[in-house]
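**Student:** Got a predicted structure here, sequence first:
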Amino acid sequence: MRIRVITVEREYGSGGAVIARDLAQRLGWKLWDEELTAEIARVAQVDHKVAACCDERVDSLLYRLFKVYARGSYERALPIAEARPFDTDRMFATLESVIRDVTSREPCMIVGRGSTYFLRGRPDAFHVFIYASVEEKLRRLKSMGKPEREARQLIEEIDRDRAAFIRHYFGVEWPHRPLYNLMINSKLGDEHVVEMLLQHVSAAEKFMPREAATSNA
């Protein structure tokens with residue numbers, strides 16, 4: 001029995017997406033990152049940009065209050081397609097089925113999107129969390145051309161949205177450490193992190209329960 005799915009959760013600016021890409025290339029696996037959002041948009045039959053706006057976010061309180069109000073008014077008279085805007089609730093409803101579908105096709109890696117939580121009971125999955133200091137995240141973002149002020153704001157806001165998403169839909173604080181097989185600081189360098197991940201995945205396969213190997217063979 002071998003690991004067939006690796007989920008990569010990450011702090012914004014830690015380089016998690018790049019590390020996941022490099023690891024997928026080393027393994028020869030399919031990577032689901034932006035492609036997963038596109039797949040959700042295809043399944044839900046909405047524009048990719050609409051799905052991206054809901055990605056790892058929770059709708060604002062104002063919008064949620066509006067939805068509650070609208071349910072008791074004109075919304076009842078609208079056609080179904082118009083009465084159900086594509087918001088994070090619909091995104092979440094589509095997300096689990098899409099994740100389970102893509103992970104059934106072939107060995108793959110998934111970046112974020114709550115994949116660690118959806119697949120927490122899957123015995124052939126390996127879950128990773130990548131983090132870094134604020135200084136390291138700023139260094140990475142500034143090297144991509146982002147001004148420091150904007151970078152600091154994105155680091156705070158995006159991780160806050162991710163934490164709110166996980167808290168709202170799964171009822172735990174982000175990151176929920178008991179779910180991860182490995183949490184690693186990306187300051188070590190991308191190449192070194194990839195090598196360490198490969199080593200830990202290989203080690204995990206050696207100690208996988210025999211019943212997991214039988215049931216998933």
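**Tutor:** Cool, got the structure.

**Student:** and the residue nearest to residue 196 when sequence neighbours are not counted, helix, strand or coil?
**Tutor:** Once flanking residues are discounted, residue 196 sits nearest to residue 184: 6.4 Å by Cβ to Cβ, 6 or more residues apart in numbering. Every C-beta, even on glycine, is put in place using the N, C-alpha and C of the backbone. Look at residue 184: counting by DSSP: H, G, I helix; E, B strand; the rest coil, its state is strand.

**Student:** and residue 184, how far is that from residue 1?
**Tutor:** 24 Å (Cβ to Cβ, to the nearest Å).

**Student:** now swap in residue 148 and tell me
**Tutor:** Residue 148 sits 47 Å away from residue 1, going by Cβ to Cβ.

**Student:** okay, those two: which has more neighbours?
**Tutor:** residue 1 (16 against 10; other Cβ atoms under 10 Å).

**Student:** so what's the more buried one scoring on pLDDT?
**Tutor:** Turning to residue 1, the model gives it a pLDDT of 72.

**Student:** ok now stretch 129-136, how far from the chain's centre?
**Tutor:** Relative to the mean C-alpha coordinate of its chain, stretch 129-136 is positioned 17 Å out (Cα atoms, centre = their mean, to the nearest Å).

**Student:** The closest residue to residue 100 other than its chain neighbours - how many residues pack around it?
**Tutor:** Leaving aside its chain neighbours, residue 100 sits nearest to residue 118 (7.2 Å; criterion: Cβ to Cβ, 6+ apart). For residue 118, the count of nearby residues is 22 (other Cβ under 10 Å).

**Student:** Residue 118 contacts residue 99, doesn't it?
**Tutor:** Yes. Counting by Cβ atoms under 8 Å, residue 118 touches residue 99, with 5.1 Å between them.

**Student:** now the spatially most central residue of the chain: how far from residue 41?
**Tutor:** Centroid-nearest residue in the chain: residue 112, 1.1 Å away (criterion: Cα atoms, centre = their mean). Distance, residue 112 to residue 41, using Cβ to Cβ: 16 Å.

**Student:** part of a strand, is residue 91?
**Tutor:** No. Inclusion of residue 91 in a strand is not indicated when three-state DSSP is applied; the result is helix.

**Student:** What number of neighbouring residues does it come out with?
**Tutor:** 27.

**Student:** That one and residue 37, how far apart?
**Tutor:** 9 Å.

**Student:** Centre of the chain to the helix ranked longest in the chain, how far?
**Tutor:** The longest helix of the chain (DSSP state H) is helix 148-170. Distance of helix 148-170 from the chain centroid (Cα atoms, centre = their mean) equals 13 Å.

**Student:** List the contacts of that helix.
**Tutor:** 11-13, 56-58, 88, 92, 112, 114, 117, 134, 137-138, 141-142, 146, 172-174, 176 (Cβ atoms under 8 Å, 6 or more residues apart in numbering).

**Student:** Show me where the protein has its helices.
**Tutor:** Counting by DSSP H, the helices of the chain are 16-27, 34-44, 48-53, 61-71, 80-83, 88-105, 115-118, 134-143, 148-170, 190-206, 210-215.
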